[in-house]
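>>> would you be able to build a 3D model of this:
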Amino acid sequence: MADRRTTTRTGSTAVTPAKTAPAPSAKETKALAKQAKVAEKQRRKSSTDPADMGRFKQIGQAYKVTREFDPQLPWVLLTAFLLPVVVGVVVGLLWDHLVYLIVMGLLVGLLLAMMMLVRRAKRATYKRYAGQTGSAEVALSMLPKQWVSTPVVAANRQRDVVHRTIGPGGLVLIGEGEAGRVRQLLQGEARKHERVAYGIAVTTLVMGDAPNQVPLDKLADRIRKLPKVLQPNQVTDLKQRLRALDAVRPVVGMPKGPMPGDPRHVRGARQATRGR
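Below is the predicted model of the structure:
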């Protein structure tokens, strides 16, 4: 049989068109999709990121991490769960609505226990990271989703650092380190940010336990309670303008905080209490 391949000659060199790979069949496509699904399922199963976990696994991980720093946690949760149940049984026996009130007691007890777990988990997280360089990142991770945080936007050789967060309360810079040095670092960063903020005030906070400083466990609440001065579209616009400032910065040669795994588990447990 004659060879039907065509060639194109350029001078004395023959060029043969490359063969294209045949398209996979429907069966092969289905098999590849199944393999990808299995691989993704395995990845999520072995992942330590709460975003990849189910609700019950998030709660279990938050409990496990919190108990390491809060030995009283099992008894606190048991008391929080049983108290509404006992009240429901007692009131049910008196009012002759036992089954209904027991069910209500179980539901209220479960909700109360979850609320206590979230509160104790936050407390244990702050206790774990207190005093570590970059620990302000832990508090920033506790802020609502409306806040966009950037850890360690500036640092010096003494490991004093400045973090940034943007949200309804405006543009906030948080310094941590030795009070005198970090205030100078904050002032310099505030001037840089004011040049691109176009009239938006820059709030500066120093994290610490000394007077006129904000403790780690109070930092998120302090930021969250700032007067609302920005709308969501203004936050997005400001975030875009700050990219230009970050683009010309030298690379900060230090780790960005204490790798806050626990705050993510706290957030996961908190999401599990209210659903997704």
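>>> how about the strands in the stretch 151-276 of the chain?
Assigned by DSSP state E, counting those that start in this stretch, the strands in the stretch 151-276 of the chain fall at 161-167, 170-176, 202-207.
>>> do you know which of those lies nearest residue 30?
With CB to CB as the criterion, residue 30 lies closest to strand 161-167 of these, at 45.5 Å. Quick note: C-beta positions are derived from backbone N, CA and C, even for glycine.
>>> wait, residue 190 sits on residue 201?
No. Taking CB atoms under 8 Å as the definition, residue 190 is not a contact partner of residue 201, at 9.6 Å.
>>> related to what we said a few turns ago, residue 78: which of the strands of the stretch 151-276 of the chain is closest?
Using CB to CB, the strands of the stretch 151-276 of the chain put strand 202-207 closest to residue 78, at 34.8 Å.
>>> re earlier: may I see the strands of the stretch 151-276 of the chain arranged in TSV, with mean pLDDT, mean neighbour count and distance to residue 118 as well?
Shown next, in TSV, are the strands of the stretch 151-276 of the chain (pLDDT from 0 to 100; neighbours: other CB atoms under 10 Å; distance: least, CB to CB, whole Å):
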stretch	mean pLDDT	mean neighbour count	distance to residue 118
strand 161-167	93	24	21
strand 170-176	93	25	23
strand 202-207	93	19	22
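>>> got CSV for the ones you listed, with distance to residue 132 too?
Supplementary listing: those in CSV, determined by distance: least, CB to CB, whole Å:
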stretch, distance to residue 132
strand 161-167, 11
strand 170-176, 10
strand 202-207, 12
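>>> just tell me which of the ones you listed ends up closest to residue 219.
Per CB to CB, nearest to residue 219 of these: strand 202-207, 5.7 Å.
>>> looking at residue 190 and residue 201, which is more packed in?
Set residue 190 next to residue 201 and count neighbours by other CB atoms under 10 Å: residue 190 wins out with 19 against 11.
>>> ok, for the more buried one, nearest residue in space, not its chain neighbours?
residue 202 (4.7 Å; CB to CB, 6 or more residues apart in numbering).
>>> OK, contacts around that neighbour?
By CB atoms under 8 Å, 6 or more residues apart in numbering, the contact list for residue 202 reads 170-173, 190, 193-194.
>>> what about 7 Å?
171, 173, 190, 193-194 (CB atoms under 7 Å, 6 or more residues apart in numbering).
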